[in-house]
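J.: I'll drop the sequence and a predicted model, then ask my questions.
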Amino acid sequence: ETGVTQSPTHLIKTRGQQVTLRCSSQSGHNTVSWYQQALGQGPQFIFQYYREEENGRGNFPPRFSGLQFPNYSSELNVNALELDDSALYLCASSLVSGDTEAFFGQGTRLTVV
Amino acid sequence: GENVEQHPSTLSVQEGDSAVIKCTYSDSASNYFPWYKQELGKRPQLIIDIRSNVGEKKDQRIAVTLNKTAKHFSLHITETQPEDSAVYFCAANPISGGYNKLIFGAGTRLAVHP
């Protein structure tokens, strides 16, 4: 098992609500990336945080936002939830170098009704 | 844009047979190519990776080959076992957009039948 932990594991929200997902990175890793994995698809890159700043972003609207804290843990916030936001949200921690392993957390299963 | 295509989407083999999954990528600057295995309800776990300065890498029953000219890479599993049944994802790390941004393929569901 990796040292990356996410909370909560499951969550049900109503359309239009806001949600905050949390991720604790593996010890020694200063980069956290967030991915959205819809059912039956591969993970899609949302954004990445390094030294408490967003360091890259995928094709997701501004209502997806995040934070990284001095201890390298991170939050993903999604405002104005839509039904299509229902997915498994994965965070991955890694060293900043571009070719090192990304360690995934177990994910948060978000269901929007 | 950045894209990784993966084939086949499903693969069914008999125990002991070999399985091959192929991926192509669009960003020629990509330099890191991991393969992840994801069992139902679990996190993706790295099973093998290859960097752009290497053409082939092997770890026991698993091997990966990379052809940078053709921009494709493949996963080979030999002597498959029922516990190899899972969804396998390839990914590529494009240079643009930030470090460690992985572009994933859509996945291959491998079923190994006893």
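T.: Yes, it's here.
J.: look up phi and psi at whichever residue of chain A sits closest to chain B.
T.: For chain A, the residue closest to chain B is residue A:56, as judged by C-beta to the nearest C-beta, at 1.9 Å. The way it works is simple: take the backbone N, C-alpha and C, and place the C-beta from them, glycine included. Backbone torsions for residue A:56, taken as degrees, to the nearest 10, come to phi 160, psi 140.
J.: surely it and residue B:94 touch.
T.: No. With contacts counted by C-beta atoms under 8 Å, residue A:56 stays clear of residue B:94, the gap being 10.0 Å.
J.: what does stretch B:29-37 rub up against?
T.: Defining contact as C-beta atoms under 8 Å, 6 or more residues apart in numbering or on different chains, one finds that stretch B:29-37 is touched by A:98-99, A:101-102, A:104, B:23, B:25, B:44-52, B:64, B:66, B:73, B:75, B:86-96, B:102, B:104.
J.: let me fix that: stretch A:22-31
T.: So stretch A:22-31 is contacted by A:2-7, A:32, A:34, A:48-51, A:55, A:72-76, A:91, A:93-96, A:103, A:105, B:99-100 (C-beta under 8 Å, 6+ apart).
J.: just the ones of those residues in strands?
T.: Judged by DSSP state E, strands contain the following of these: A:5-7, A:32, A:34, A:48-50, A:55, A:74-76, A:91, A:93-94, A:103.
J.: which two among these are spaced furthest apart?
T.: Largest separation among the ones in strands among the contacts of stretch A:22-31 by C-beta to C-beta: A:7 and A:55, giving 23.0 Å.
J.: more neighbours: the two, which one.
T.: Using other C-beta atoms under 10 Å in any protein chain shown as the criterion, residue A:7 and residue A:55 rank with residue A:55 on top: 20 against 13.
J.: my guess is the more buried one contacts residue A:34. True?
T.: No. Assessed by C-beta under 8 Å, residue A:55 is found out of contact with residue A:34, at 11.8 Å.
J.: now do the shared contacts for the two.
T.: A:47-48.
J.: what residues does chain B have near chain A?
T.: B:4, B:6, B:31-32, B:34, B:36, B:42-46, B:49, B:51, B:89, B:91, B:93, B:95, B:97-107 (C-beta under 8 Å from any C-beta of the partner chain).
J.: rewinding a little: list buried residues within the contacts of stretch B:29-37.
T.: Taking 16 or more other C-beta atoms under 10 Å in any protein chain shown as the criterion, what is buried in those is A:98-99, A:101-102, A:104, B:23, B:25, B:44, B:47-50, B:52, B:64, B:66, B:73, B:75, B:86-94, B:102, B:104.
J.: burial of residue A:64, as a residue count?
T.: 18.
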